[in-house]
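Trainee: Give me a 3D structure for the following:
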Amino acid sequence: MSQERTGVAAFKGSPLTLVGPQLNIGDQAPDFKLNKSLGEIVSLEDFAGKVKLISVIPSIDTGVCEAQTRRFNEEATKLGDNVAILTVSADLPFAQARWCGAEGINDVILLSDYRDNNFGIAYGVFIKEFAIDMRSIFVLDQNNVIQYVEYVSEMSSHPDYEAALAAAKQLT
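Mentor: Below is the predicted model of the structure:
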């Protein structure tokens, strides 16, 4: 596997190993291929010209992940059509679609990293111990340059919603 980082993330206090580079403000965001559905794959190009707020969650079927996705769904219309809010997890596309349908979530786009974890590894959020992605937030400008990044240090903690939203608003 690519670069491994230990001690930067934890689950209930136990250290986790993140695979991939730590991305920083000013870095060009890596491209990705994620499943929007079982048969539809999207990449950064599909959101060309938009600000991208990428909300990464370990699994949609946990309380903090549900709350994070709901919060960004509520904020989506306030940000306008020039901002795409993408929620990325390693959940199967079926589970993501089921959850969105049951919860009435339709203003964020859920994308699945289940196939090969290419997103998690490219963005440095793939958790080696669990084969899922670590909670994090990335805000990309219209040219896919990272303008805000938060790697949440404790998997069960919430991200800084206000800071991420402020970064996205500043770019619109």
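
Trainee: Show the pLDDT at the residue nearest to Gln22 when sequence neighbours are not counted.
Mentor: What sits nearest to Gln22 in space, not counting adjacent residues and going by Cβ to Cβ, 6 or more residues apart in numbering, is Gly124, at 5.0 Å. Just so you know, the C-beta spots here come from the backbone N, C-alpha and C atoms, and that holds for glycine as well. With respect to pLDDT, Gly124 scores 97.

Trainee: try Ser2
Mentor: On pLDDT, Ser2 comes in at 68.

Trainee: Measure how buried the residue nearest to Gln22 is and give me the count.
Mentor: Using other Cβ atoms under 10 Å, Gly124 is surrounded by 24 other residues.

Trainee: Could you do Arg115 as well?
Mentor: The tally of other residues near Arg115 (other Cβ under 10 Å) stands at 14.

Trainee: quick one on the thing from earlier: pretty sure the residue nearest to Gln22 sits against Asp27.
Mentor: No. Taking contacts as Cβ atoms under 8 Å, Gly124 lies outside contact range of Asp27: 10.4 Å.

Trainee: which residues are common contacts for those two?
Mentor: Listed as contacting both Gly124 and Asp27 by Cβ atoms under 8 Å, 6 or more residues apart in numbering is no residue at all.

Trainee: Now do the phi/psi pair for the residue nearest to Gln22.
Mentor: phi 70, psi 30 (degrees, to the nearest 10).

Trainee: Repeat that for Val8.
Mentor: When read as degrees, to the nearest 10, the backbone of Val8 gives phi -100, psi -10.
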